[in-house]
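> below is the structure, and that's it, no one-letter string:
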């Protein structure tokens, strides 16, 4: 996805209350610049966000993150571009 200059895009999922998800893989495709990041964040926008994985370039990370939902915490794939021009960034996560 093309992410505009000085902007952020995110795709969110909310885990239902009491449900448990296992996140087992993160894939990121960044622009190989310090000011661009692809990350997977638990409790995005909440009181205590936790970065589960992140990259400035290309990465495939095996995870075993056990997340228990409360119906409001957000699991987000976040594409951040803090440069003065647009860049193509992408990512994905896999879990059950």
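Received it, and whenever you're ready, just let me know what you need. From a predicted model like this one, the values you see are computed outputs, not experimental measurements.
> from here on, contacts and neighbour counts on C-alpha atoms
Noted.
> just give me the neighbour total for residue 84.
Neighbourhood size, residue 84 [other Cα atoms under 10 Å]: 11.
> next one: residue 85
Residue 85 has 11 neighbouring residues, counting by other Cα under 10 Å.
> that one - nearest residue in space that isn't next to it in sequence?
Of all residues not flanking residue 85 in the chain, residue 5 sits nearest, at 4.5 Å (Cα to Cα, 6 or more residues apart in numbering).
> phi first, then psi, for that neighbour.
Backbone torsions of residue 5, given as degrees, to the nearest 10, read phi -60, psi 140.
> in terms of contact, does residue 68 touch residue 23 like I think?
No - using Cα atoms under 8 Å, residue 68 is not in contact with residue 23; the gap is 10.9 Å.
> if residue 77 is in a bridge, with which residues?
Note on residue 77: beta-bridge partners by DSSP bridges are residue 11, residue 40.
> look up how far residue 4 lies from it.
16 Å (Cα to Cα, to the nearest Å).
> more neighbours: those two, which one.
A count of neighbours by other Cα under 10 Å puts residue 77 above the other of residue 77 and residue 4, at 26 against 17.
> what's near enough to touch residue 72?
14, 15, 16, 17 (Cα atoms under 8 Å, 6 or more residues apart in numbering).
> any idea how far residue 31 is from residue 54?
13 Å.
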